[in-house]
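Chemist: pasting the sequence and the predicted model now:
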Amino acid sequence: MRFFIAPVLAFVIFAASSFNSLAQVQPNPKDWQQVLDEAKGQSVYFNAWGGAPNINAYIAWVGDEVFAQYGVRLEHVKLSNTADAVNRVLAEKAAGRIEGGAIDLIWINGENFASMKRQNLLLEGGWSYDLPNYQLADIENKAVLSYDFTEAVEGLESPWGTAQLSFYYDSAKLAEPPKNLAALEDWIVKNPSQFTYANPSNFIGNTFLKQLAFGLIEDKEALSKPVNQADFDRLSAPVWAWLDKNHKNMWRKGKIFARDTTHLKILLADSEISIAMTFNPGEASSAINEGILPNSVRSFVLDYGSIGNAHFVTIPFNANAKAGAMVVADFLLSPIAQAKKADEKIWGDPSVLAYKKLNLEQRALFDNLEKGAATLSAAELGILINEPNASWSDMFKSEWAKRYGAGG
Amino acid sequence: MLRLIPFLIFLILIGPIFAGLMHMFGPAFSHAPMLGIDKISLNAFFDFFNMPGIFISIWLSFWIGLVTTLISLLLVILFVAGFFGTRIYDVFSSVMRPVVAVPHAAAAFALAFLIMPSGFFIRLVSPELSGFSRPPDWLVTNDPMGFALLFGLVIKEIIFILLVVMVALAQVEKRYFKVAQTLGYGKIWGWLVTVFPKIYKQIRLPILAVIAYSTSVVDVALILGPNSPPTLAIKIIRLMNDADLSMRLVGAAAAVVQLMVTLLALLTWLIGEKIVAHFGKKLALSGFRLQKDFVLKLVGISGVGGAIFLIFLGLGFLAIWSVAGYWAFPDILPQNFSFNNWIKQSPQLIDVAFRAINIAFFASFISVILVLFMLENEYRRQIRLPKFGAVILYMPLMLPQVSFLFGLSILLLWFGIDGTISSVIFVHIIFVLPYVYLLLVDGFHGIDIRLLKVAKTFGKSNWRIFFSIRLPLLLRVILMGFALGFAISIAQYLPTLLIGAGRVPTITTEAVALASGGNRRLIGIYALVQSLIPFIIFALAAIIPALVWRNKEALK
Amino acid sequence: MSENGLELKNIIIKKHEVELLSIDAHIKRGEILTLMGASGSGKSSLINAIVGLLPKGFSCSGDIIIGGQNISTLSPQQRKVGVLFQEPLLFPHFNVEENIIFALPKKITKKHRHKKALELLGAVNLADCAKSDVAKLSGGQMARVALVRVLASSPRVLLLDEPFSKLDESLRDNVRNLVFETVRKQNLPTLLVTHDKEDAKATGGKVVKL
């Protein structure tokens, strides 16, 4: 009997220690050298959407760099849905795992960020504002870096890239694309089954609804504030009216919709639709480079402005490799990483840095980037409309599901 | 010690299922301390049934599950009954073996690429015959009625049911149907009346597994199934993934409903069996002989042959996509080819492929060992598995994965053992073991028992007999069982995803994740590799015995 | 190896509590006792009982004594009883030689097994078939190999369960004579179970009718 006591005791201690409540001292980015020292040798599990191979390749490159420069091992956990990561952290919190969580870094924004923030699932203390490279971020001109779908960032997530809604088409088949909602409606009627958008359970679909809202709703102020069901029903009426009128002339007669941005791209490549949309201004050019779309593809935006936002990386409260995660987040903000990301041959995702804040060497990285014919310049991208309050996103999603998704 | 094996197996199979279900029932009845909700109520159920289109989702899952199985079974029966003993039958049975290896998701992709409006079939006739310069605006894949999903499931289930029927036939006296023919019965009807009832007992459990799978499949429904409203299983996934975390309670309620739907479908089938048996018997004794069964034979061979052909064709098309450069509609072949994608993907591909192979090897190997020991125990104690024992063995296949895996993953998370390869292997064993048992049981007991008797009279111990006589004679069967278990493991999507907590990427989780990205070239690559791996194992399972026994006439 | 051969004392075999057969016999070394009866009369059950492999539902009471030792409580492996069945039951995955080697008792070391097997095969003129696939042998060859094999295991008693009934007419005499000759030469107490009068006559020994 006594032979069992030692191993049982050891097991109990071991088990208890995995639920221990002794919090480690959180790395402080103000003392960056200490963060670097702590990060060395850590493995950072980066949960990020894995549906786009070019993005995966970019993240792999990031991994090579942070290992070479800082000794941090980056593991890309490919998600098909960011909510998976949110669920995971939540479940770990419920299980009492307040240290050593499975996720160190999450690619996130919008409702997912709001949800984690509300549930206290994020690393506190405003760490992202203290990252060395955050000094270079263009927070003055890009409000989207500080307000994520109107939710204050408060240093809980670090900016990674920006996005703006744009449309693209094959100029060889379509001479003049429609550039406002009235013209779009007109074009859809004359060219049935050549237009669609994504199911709003996906972010690009949801964005299209919000884009329509900005074009059709009278009271635009209300969009930046939280909204209740009654007001939403009243204010969003024009959007549903527009959709009701036009669905029957859309692709598949509006019975089914695209899954996401890549599906829209494929539909355009297959000539099923003639106009697609994306959040990544460099997506069309990247597709041309990859040989998926023909050289004649071009982009455009609607004339009243287009919704834009930023996407971020965040660290869960119980991350195992907090220092390593901070190092990665900081590297993602570095000019070299941002320039490579903005390179259309790689990804084409716009930079979050302020050109003016860069030195000559760093500016050169951006100057040398070639912009494809299908990519709109900053000027051509026009007015950036800020995302409405996250509550609008949720309500658009559920109301759309009720009306057209029948549970979709 | 051998006596403990059945209990061990019981624990391995039932324990996790039970635990997972418990962690599903809790939240379904609003007992979810992690979300700060802990008042038992039916609220989640009310919310669930109030969701738009939910009854359509439920109905979809129910009827697709039953109709898939019915159609597949019918076609297989017509084929086997019509062509048993002929050269065509032998050809088909060898040709279909590689197709067994193709995972459901790959087959679904293959089919999708063929039938979609911008797919192979339409391109074949455009623009010359059809006049289409753009793909027609037809709702083919993801159609709301679920026909594409039905189609995708049927072509795979035909193959599986054919395999199961062939295994059952090996053990049954077939000369009865020749007798029936001499009595004037048509080939098909004669076979149905004399042989089918005998094999049905063997195949009943796998058939029920097909029903259960089809009512709750996730990956095929993602690729081919309706979107709005989707099947119930997809709905559950979406609820579980909603950023609004309180939706998880509704998801749990949905999982309970899914369980009910599956059980109801199984029950319906069992009742249907009785009805068919009753009227079938009446018809059989009424003098009905059905000599003119040419049309039925045609239907049978078209169904089975069609399924095999479509899968091969679809895979071929996938292969072309994997090396395609720019490929516009309505070209049948791409404008240019490139191996770029293969090269760029290879480090990743190799990594996830080897991980999947690793998991499949251990899951199948351990299952084979456990089943062999269990069967040996049966032999030594002269007992056979009681009826309810068989039910327990197949239970993991008769319950919807989506209903207990979420709960199980949370439980493992609580114990901090999720996210490891070992836990994934363990969960795979739950789904692999029943199939391994299915393939091994008849072969195992089918060995001439007198050979073993004789060996005993030579004074050889039980274990010596097991290793020197029993196992060598079972080489082919064991390898086949291993190969099937291996293929089942490779194809697992939800278990690997949930129990692996995203840290155990395999070729299948990657392929389905890619489906969310829509990149056809990559899907082609991953789906091909996903199919190739089990195919190679099957090929080895066929070649190795032939090599080992090349000098032994009786075993070749 | 004692002088007493095989003794069956008060053997009663029951199937589901119904008595199938009862027998009292003493077979001396070198003697062949024939048990004659129609199918289903339980003669095979007797063989099973002596071997120690009665299936479920059967029971056997009484004593089975071989060489003075009561083997009723021993496992089949320990009894050292040899059987020849209706079919040769050669192991299909072993060649002829390996079949013989498998039957050899443990005490013959690895080095000598091969020699011993060849020796035994030589005695029936089958030494050059040593490496053959058993499936390629003729009926008569298979029967001879089966005989050699069972003798290789050094049994103290030999049981014959209608071993000639499946052989061709032309072979039957030869094989029968070979078996009985060998058995007498090796002084093995032998029990023959059969329904064929010819078999009984050829033994030249006592016949018991069931």
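Modeler: Okay, I see it.
Chemist: let me see the ranges of the strands in the stretch 101-250 of chain B.
Modeler: Counting by DSSP state E, counting those that start in this stretch, no segments of the stretch 101-250 of chain B form strands.
Chemist: so which residue of it comes closest to chain A?
Modeler: The minimum distance from the stretch 101-250 of chain B to chain A, using C-beta to the nearest C-beta, falls at B:Ser228 (2.6 Å). All C-beta spots, glycine's among them, are computed from the backbone N, C-alpha and C.
Chemist: any weak-confidence spans in chain C?
Modeler: Filtered on pLDDT under 70, chain C yields the residue ranges C:1-3, C:40-41.
Chemist: what's the neighbour count on the residue of the stretch 101-250 of chain B closest to chain A?
Modeler: For B:Ser228, the count of nearby residues is 22 (other C-beta atoms under 10 Å in any protein chain shown).
Chemist: so what secondary structure elements neighbour the longest helix along chain B?
Modeler: The longest helix of chain B (DSSP state H) is helix B:340-380. Packing partners of helix B:340-380 (3 or more C-beta pairs under 8 Å, 6 or more residues apart in numbering or on different chains; DSSP states H and E): helix A:53-70, helix B:5-28, helix B:421-445, helix B:475-491, helix B:507-515, helix B:520-548.
Chemist: where among the ones you listed is average confidence lowest?
Modeler: Set side by side, these differ in mean pLDDT, and helix B:507-515 is lowest with a mean of 83.
Chemist: quick one, that helix and helix A:53-70 angle?
Modeler: 120 degrees (axes from the mean of the first three to the mean of the last three C-alpha atoms, to 10 degrees).
Chemist: export helix B:507-515 as CSV, just CAs?
Modeler: Provided in CSV are the C-alpha atoms of helix B:507-515 (Å, rounded to 0.1, in the frame of the first residue of the first chain):
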residue,chain,number,x,y,z
ILE,B,507,-4.6,15.6,-44.5
THR,B,508,-8.4,15.5,-44.0
THR,B,509,-8.8,18.5,-41.6
GLU,B,510,-6.6,20.5,-44.1
ALA,B,511,-8.6,19.4,-47.1
VAL,B,512,-11.9,20.4,-45.5
ALA,B,513,-10.5,23.7,-44.2
LEU,B,514,-9.4,24.3,-47.8
ALA,B,515,-13.0,23.8,-48.9
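Chemist: where along chain C do the helices fall?
Modeler: C:43-51, C:96-103, C:110-123, C:139-152, C:169-185, C:197-203.
Chemist: A:Met326: which of those is closest?
Modeler: helix C:110-123 (67.4 Å; C-beta to C-beta).
Chemist: residues of that closest one that come out buried?
Modeler: Using 16 or more other C-beta atoms under 10 Å in any protein chain shown as the test for burial, helix C:110-123 gives C:113, C:116-118, C:120-121.
Chemist: just stretch B:541-548 next, same as before
Modeler: Across stretch B:541-548, burial judged by 16+ other C-beta under 10 Å covers B:541-542, B:545, B:548.
Chemist: switch those residues over to TSV; also include distance to B:Pro386.
Modeler: As requested, the buried residues of stretch B:541-548 are arranged in TSV below (distance: C-beta to C-beta, whole Å):
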residue	distance to B:Pro386
B:Ala541	30
B:Ala542	34
B:Pro545	32
B:Val548	35
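Chemist: now, among the residues you listed, which is nearest to C:Phe58?
Modeler: For the buried residues of stretch B:541-548, the nearest to C:Phe58 is B:Pro545 (36.5 Å; C-beta to C-beta).
Chemist: contact partners for the closest residue to the closest one other than its chain neighbours?
Modeler: Leaving aside its sequence neighbours, B:Pro545 sits nearest to B:Arg476 (C-beta to C-beta, 6 or more residues apart in numbering or on different chains; 4.2 Å). By C-beta atoms under 8 Å, 6 or more residues apart in numbering or on different chains, the residues touching B:Arg476 are B:443, B:541, B:545, B:555.
Chemist: report pLDDT for the closest residue to A:Val153 other than its chain neighbours.
Modeler: Computed as C-beta to C-beta, 6+ apart, the closest residue to A:Val153 that is not its neighbour in sequence is A:Ser146, at 5.2 Å. Reported pLDDT at A:Ser146 in the predicted model: 92.
Chemist: quick check: phi and psi on A:Ser146?
Modeler: The phi/psi pair for A:Ser146 (degrees, to the nearest 10) reads phi -110, psi -20.
Chemist: go on, A:Ser299?
Modeler: According to degrees, to the nearest 10, A:Ser299 has phi -110, psi 160.
Chemist: that one: neighbour count?
Modeler: 25.
Chemist: show the pLDDT at whatever residue of the stretch 101-250 of chain A ends up closest to chain C.
Modeler: Residue of the stretch 101-250 of chain A nearest chain C, by C-beta to the nearest C-beta: A:Ala102 (49.8 Å). A:Ala102 is assigned 88 on the pLDDT scale.
Chemist: which residues touch it?
Modeler: Contacts of A:Ala102 by C-beta under 8 Å, 6+ apart are A:45, A:88, A:92, A:320, B:419, B:501-503.
Chemist: rerun that using 7 Å as the cut-off
Modeler: A:45, A:88, A:92, B:419, B:501, B:503 (C-beta atoms under 7 Å, 6 or more residues apart in numbering or on different chains).
Chemist: mind listing which of these are in strands?
Modeler: A:Tyr45 (DSSP state E).
Chemist: would you map out the domains in chain A?
Modeler: A:28-162+A:310-375, A:166-308+A:383-405 (automatic domain parsing).
Chemist: let me have those domains in CSV, adding distance to C:Ser45 as columns.
Modeler: Shown next, in CSV, are these (distance: least, C-beta to C-beta, whole Å):
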stretch, distance to C:Ser45
domain A:28-162+A:310-375, 63
domain A:166-308+A:383-405, 71
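Chemist: near B:Leu264, how many other residues are there?
Modeler: B:Leu264 has 15 neighbouring residues, counting by other C-beta under 10 Å.
Chemist: separation between the closest residue to it other than its chain neighbours and B:Val256?
Modeler: Among residues not flanking B:Leu264 along the chain, B:Phe62 sits closest, at 6.8 Å (C-beta to C-beta, 6+ apart). Relative to B:Val256, B:Phe62 is positioned 15 Å away (C-beta to C-beta, to the nearest Å).
Chemist: can you give me phi and psi for the residue of the stretch 101-250 of chain A closest to chain C?
Modeler: According to degrees, to the nearest 10, A:Ala102 has phi -80, psi -20.
Chemist: hang on, the earlier thing: toward the C-terminus from the longest helix of chain B, list the very next helix or strand.
Modeler: As assigned by DSSP states H and E, the chain's next helix or strand after helix B:340-380 is helix B:387-398.
Chemist: ok, now which ones touch residue 148?
Modeler: No chain specified, so I'll use chain A. Taking C-beta under 7 Å, 6+ apart as the test, what A:Asp148 contacts is A:109-110, A:113, A:157, A:310, A:312.
Chemist: other chain: chain B
Modeler: Each residue near B:Ala148 by C-beta under 7 Å, 6+ apart is listed here: B:115, B:140-142, B:224.
Chemist: now for the helices of chain C, which one comes closest to B:Trp342?
Modeler: Of all the helices of chain C, helix C:96-103 comes closest under C-beta to C-beta, at 48.4 Å.
Chemist: with just CA atoms, put that closest one into CSV.
Modeler: The C-alpha coordinates for helix C:96-103 follow below in CSV (Å, rounded to 0.1, in the frame of the first residue of the first chain):
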residue,chain,number,x,y,z
VAL,C,96,5.3,-30.8,-46.0
GLU,C,97,8.4,-30.7,-43.9
GLU,C,98,7.2,-27.8,-41.8
ASN,C,99,4.0,-29.7,-41.1
ILE,C,100,6.1,-32.5,-39.7
ILE,C,101,8.4,-30.2,-37.8
PHE,C,102,5.5,-28.4,-36.2
ALA,C,103,4.4,-31.7,-34.7
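Chemist: next, give phi and psi for B:Ser41.
Modeler: phi -160, psi 170.
Chemist: please apply the same query to B:Thr86.
Modeler: Per degrees, to the nearest 10, the backbone of B:Thr86 is at phi -90, psi 170.
Chemist: what's the burial count for it?
Modeler: There are 11 residues near B:Thr86, going by other C-beta under 10 Å.
Chemist: which residues sit in contact with the residue lying closest to B:Met145 once chain neighbours are set aside?
Modeler: Using C-beta to C-beta, 6+ apart and skipping residues adjacent in sequence, the residue nearest B:Met145 is B:Pro226, 7.3 Å away. Taking C-beta under 7 Å, 6+ apart as the criterion, B:Pro226 is in contact with B:60, B:142-144, B:146.
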